[in-house]
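K.L.:
Would you be able to build a 3D model of this:
(one chain, ligands or ions: 1)
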Amino acid sequence: MNNIDKVNDKKTENDSELSEFDEKHVWHPYTSLSSPIPTYHVVSADKCLLRLDDGRELIDGMSSWWACCHGYSHPHLIEAVQKQLHTLSHVMFAGIRHDPATVLCKRLKGMLPKGLNNIFLADSGSVAVEVALKMAIQYQSARNPGRTRFLTVKGGYHGDTMAAMSVTDPGSGFSSEYQCYIPRQYFIERPSIPFHGEWKDSAMLPLENFLKEHHHEIAAFILEPVMQGAGGMYFYHPQYLVRAREICSRYDVVMICDEIATGFGRTGRMFACEHAGITPDIMTLGKGLTGGMMTLSAVAVTDRISEGISLSPSRVLMHGPTFMANPLACAAANGSLDLLLYEDVCSQTSHIEKVLYDGLRDLVSCTETVKEVRALGACGVVELRKNVDTVSMQRFFVDKGIWLRPFGNIIYIYPPFIITDEQLRACISAVRELVFLLNDGVQTSQSCFSV
Ligand SMILES: *Cc1c(COP(=O)(O)O)cnc(C)c1O
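P.N.:
As a prediction, this is how the structure comes out:
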């Protein structure tokens with residue numbers, strides 16, 4: 001036994017001790033440390049299944065918060081990371097280049113909407129949003145001095161760091177606690193026409209009118225293209241982006257499309273901007289970038305933006321995360337791009353959309369409980385009339401062998417693209433069963449799930 005093994009041997013603790021420690025001392029997201037929501041102990045994961053410590057297997061309908069698009073333990077991704085691990089696991093990026101990053105940026109440039117030529121690699125989605133906002137401020141400081149605020153639409157979500165929170169819907173609960181500190185930005189109505197709705201140009205009036213009056217204050221307009229995620233899983237008409245692109249150009253307002261959730265095939269196109277055929281000035285990427293293997297994000301910008309930043313007083317972009325362009329993460333991302341191109345992801349996600357919509361759509365007949373059912377790409381949503389209790393919902397789904405995590409009044413399925421039809425139908429029937437239970441509860445006016 002070598003010395004490291006001896007240390008580990010001493011540390012071996014039983015499972016109940018660890019679980020108690022976790023409950024007392026380890027923070028989990030969006031929950032209180034003194035009365036945390038219960039956790040399930042996952043010991044391994046393969047393809048579309050999460051394995052719990054008691055041997056149960058859950059079908060993952062969440063893609064681990066929308067990142068794990070190729071499922072778990074994909075041999076190609078494991079191999080890509082393992083190979084890199086033996087060569088170069090990390091090196092600082094200032095004054096140094098390495099192939100995993102250069103190759104990744106070159107490949108991204110080739111895939112992204114035309115014109116997004118220059119790429120900054122960061123370490124998480126929220127940080128990518130911070131970098132995008134800093135870029136816009138710096139671009140404007142040379143072009144249009146005095147433009148220091150941001151415009152966005154209601155119902156959006158852009159991350160949990162301070163500036164990202166400032167452009168996240170203030171009513172969504174993500175930022176309400178911190179309003180005293182975060183900068184005030186401008187919010188207009190969310191795009192009013194749904195994805196499959198009939199387009200009317202009057203839907204642009206909020207943006208037109210706002211920018212006509214305030215463009216001299218606005219550095220950038222930031223929004224999630226086509227699919228608003230954590231703000232309510234809402235899908236809007238792509239023509240909104242076409243027109244927004246024109247209006248932003250007219251006023252030299254930087255257009256930032258946050259594709260952290262939508263990028264890499266999720267909405268049925270490689271990037272959601274492709275539904276509209278537009279190139280934003282800045283695009284943020286994250287989540288599925290590494291196929292959910294590890295954390296990495298990217299900010300892609302047009303030459304106009306990068307040249308503008310070079311004309312700003314400091315001439316350089318002052319941002320350099322320690323783990324910028326981590327080679328392991330870049331290797332995982334390169335592996336994930338191989339799979340996306342090889343597996344024809346857009347036909348996979350279009351197929352998932354059809355199965356989801358066919359399986360869920362008649363739930364609208366539960367009119368007292370269900371407000372709307374919709375699907376786009378690999379995302380199916382049942383919007384309820386009332387908020388539900390995440391903890392009891394989660395317990396219900398785990399008992400059915402499914403991993404889903406509803407929030408607010410939204411129950412949704414957001415599976416890895418490799419999910420089988422059988423697994424997808426199991427997720428759908430669990431959601432159906434839950435909705436019928438809720439609906440019976442409404443009718444007898446005592447639902448066990450409402451808060
Ligand atoms: C998740 C998300 C973010 C934040 O990404 P993190 O990696 O969690 O920091 C930003 N924007 C959108 C649209 C997201 O869905």
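K.L.:
Now the closest residue to the ligand within the stretch 351-451 of the chain: closest residue in space that isn't a chain neighbour?
P.N.:
Using Cβ to the nearest ligand atom, the single residue of the stretch 351-451 of the chain nearest to the ligand is Tyr414, 10.8 Å away. All C-beta spots, glycine's among them, are computed from the backbone N, C-alpha and C. Nearest residue to Tyr414, sequence neighbours excluded (Cβ to Cβ, 6 or more residues apart in numbering): Cys379, at 5.1 Å.
K.L.:
Output the set of residues of the stretch 251-400 of the chain in proximity to the ligand.
P.N.:
Asp258, Ile260, Ala261, Gly286, Lys287 (Cβ under 6 Å from any ligand atom).
K.L.:
related to what we said a few turns ago, ok, the residue of the stretch 351-451 of the chain closest to the ligand to Asp60 distance?
P.N.:
According to Cβ to Cβ, to the nearest Å, Tyr414 and Asp60 sit 9 Å apart.
K.L.:
can you tell me which residues contact the residue nearest to Tyr414?
P.N.:
When contacts are counted by Cβ atoms under 8 Å, 6 or more residues apart in numbering, Cys379 touches Met227, Met233, Arg266, Thr267, Glu353, Leu356, Tyr412, Ile413, Tyr414.
K.L.:
shaky segments in the chain?
P.N.:
Applying pLDDT under 70 to the chain flags the ranges 1-3, 5-13, 443-451.
K.L.:
Outline the domain layout of it.
P.N.:
Following automatic domain parsing, the chain resolves into domains at 13-73+344-448, 88-342.
K.L.:
Quick one, which of the ones you listed gets closest to Glu79.
P.N.:
Glu79 lies closest to domain 88-342 among those, at 7.4 Å (Cβ to Cβ).
K.L.:
Report the contact partners of the closest residue to Gln179 other than its chain neighbours.
P.N.:
Among residues not flanking Gln179 along the chain, Pro170 sits closest, at 6.7 Å (Cβ to Cβ, 6+ apart). Residues near Pro170 by Cβ under 8 Å, 6+ apart: Ser176, Gln179, Phe187.
K.L.:
what's the burial count for the residue of the stretch 351-451 of the chain closest to the ligand?
P.N.:
For Tyr414, the neighbour count with other Cβ atoms under 10 Å is 26.
K.L.:
Which phi and psi values does Leu49 adopt?
P.N.:
Main-chain dihedrals, Leu49, degrees, to the nearest 10: phi -120, psi 130.
K.L.:
what bridges to it?
P.N.:
Asp46, Ile59 (DSSP bridges).
K.L.:
where exactly do the strands run in the stretch 301-450 of the chain?
P.N.:
In the stretch 301-450 of the chain, the strands defined using DSSP state E, counting those that start in this stretch lie at 370-375, 380-384, 402-403, 410-413.
K.L.:
still on that earlier bit, adding secondary structure, write the contacts of Pro170 out as TSV.
P.N.:
As requested, the contacts of Pro170 are exported to TSV (DSSP: H, G, I helix; E, B strand; the rest coil):
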residue	secondary structure
Ser176	helix
Gln179	coil
Phe187	strand
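K.L.:
coming back round to it: please name whichever of the domains of the chain is nearest to Gln82.
P.N.:
Here domain 88-342 is closest among the domains of the chain (Cβ to Cβ), at 9.0 Å.
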